[in-house]
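Just to be clear, the model below is a prediction. Sequence and coordinates:
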Amino acid sequence: MDAIILAGALNNGPLRGCSPSPYEAGIEVAGRPMVELVIDALAAVKSIQRIAMAIPDGILSPEAKAKVWRTVPPGKTMIDSLSRAFEALQPEEPVLVVTSDIPLITPAAVEDFLRRCEARPADIHYSFVSREVNEAKYPGVRRTYVRLKDGTFTGGNIVRFHPKVFREHSRRIAQAIALRKKPLKLCKMLGFRFVLKFLAGRLTVGEIEWRVENILQLKAAGIISPYPEVGIDVDKPSDLELARKALVH
């Protein structure tokens, strides 16, 4: 299968005081731009044949760039960058999409996610990680959690979907991306009844899957990962400190 890494976000948010890099992907972790750690993890997964990246020039070392099949200039938005990467790849089979700000990700975490995807055939697979799993390995890590009937979860930063999902539903994908840190607003896309169940903590992963399938006419599957690294992105100083400490050898 193919993989896409989205690495075009400007370093103009909470992390701008932590690094002079103009792009988040270039922020140093373990002595390297953190996106290179993501590249290493994907390149070590045997089932991934090609890696395409939406990334500005000047971030990757020659060694890291050699592991990437093709780079494209990022767009103004995440969805624009994704579109450019899809255009370069022209994939026919499901694609793995990951963000550049998960330097703790490991080949084992990616392989486990892909195995779970294969066990549940669907057009789109989205990752979740439970609060218990996160805090067992990284006590005190700060994430945006949602309370469902199945447990308390944070959204993961890897997703797998068929190219037709992007071709036919790019607008809704853009909406979901924009609201990914705002669970209540994201839930409103499902409808009022689902908002009420969400607020009461009675909404299940299965119901979300059913509603997405009902709205988009495609099969969706929520994949609960046992790897906290799937859900820990670096978007604030405390995350950066955690990643740097965790990767000290």
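Received, thanks.

Quick test: name the residue nearest the centre of the chain.
Residue closest to the average C-alpha location in the chain (CA atoms, centre = their mean): residue 157, at 2.0 Å.

Any chance you could list what contacts the one helix or strand that residue maps to?
For residue 157, the host element (DSSP states H and E) is strand 151-161. Here strand 151-161 makes contact (CB atoms under 8 Å, 6 or more residues apart in numbering) with 94-99, 101-102, 105, 110, 113-114, 117, 123-132, 134, 143-146, 180, 223-225, 230-231, 233. C-beta coordinates here come from the backbone N, C-alpha and C atoms, glycine included.

change it to 6 Å
Defining contact as CB atoms under 6 Å, 6 or more residues apart in numbering, one finds that strand 151-161 is touched by 94, 96-99, 102, 113, 117, 124-131, 143, 145-146, 225, 230-231, 233.

Quick one: low-confidence residue ranges for the chain.
Applying pLDDT under 70 to the chain picks out residues 174-183, 186, 249.

quick one, phi/psi of residue 69?
Main-chain dihedrals, residue 69, degrees, to the nearest 10: phi -70, psi -40.

Now do the contacts for it.
For residue 69, the contacting residues are 50, 51, 52, by CB under 6 Å, 6+ apart.

Tell me what the first one is bridged to.
Right, the one you point to is residue 50. Beta-bridge pairing of residue 50 under DSSP bridges involves residue 2.

289 is where my numbering starts, stick with that
Fine by me, first position is 289 from now on; the one you just mentioned is residue 338.

wait, it sits on residue 289?
No. Counting by CB atoms under 6 Å, residue 338 does not reach residue 289; the two are 8.6 Å apart.

Can you turn the buried part of the contacts of residue 357 into a PyMOL selection?
Burial among the contacts of residue 357 is assessed by 16 or more other CB atoms under 10 Å; the matching PyMOL selection reads:
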select buried, resi 339+340
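
From the chain's centroid, how far away is the strand holding residue 445?
The chain centroid and the centroid of strand 439-449 are separated by 7 Å under CA atoms, centre = their mean, to the nearest Å.

What residues of that strand count as buried?
439, 441, 442, 443, 444, 445, 446, 447, 448, 449.

I'd like the residues you listed as a markdown table, with distance to residue 530 appended.
Listed next are the buried residues of strand 439-449 as a markdown table, based on distance: CB to CB, whole Å:
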| residue | distance to residue 530 |
| --- | --- |
| 439 | 22 |
| 441 | 19 |
| 442 | 14 |
| 443 | 18 |
| 444 | 17 |
| 445 | 15 |
| 446 | 19 |
| 447 | 23 |
| 448 | 26 |
| 449 | 29 |
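
Nearest to residue 478 among these?
Of all the buried residues of strand 439-449, residue 443 has the smallest distance to residue 478: 14.6 Å, by CB to CB.

Would you quantify the distance from the closest one to residue 512?
Taking CB to CB, to the nearest Å as the measure, residue 443 falls 11 Å from residue 512.

any residues in contact with both of those two?
Joint contacts of residue 443 and residue 512 (CB under 6 Å, 6+ apart) do not exist.

What count of nearby residues applies to residue 421?
By other CB atoms under 10 Å, 20 other residues sit near residue 421.

swap that for residue 302, sorry
Neighbours around residue 302, by other CB under 10 Å: 13.

ranges for the helices of the protein?
322-331, 350-353, 366-377, 395-407, 419-425, 451-466, 471-476, 480-487, 493-504, 525-534 (DSSP state H).

Buried residues of the fourth one, list them for me.
Meaning helix 395-407. Applying a neighbour-count criterion of 16+ other CB under 10 Å, the buried positions in helix 395-407 are 397, 398, 399, 400, 401, 402, 404, 405.
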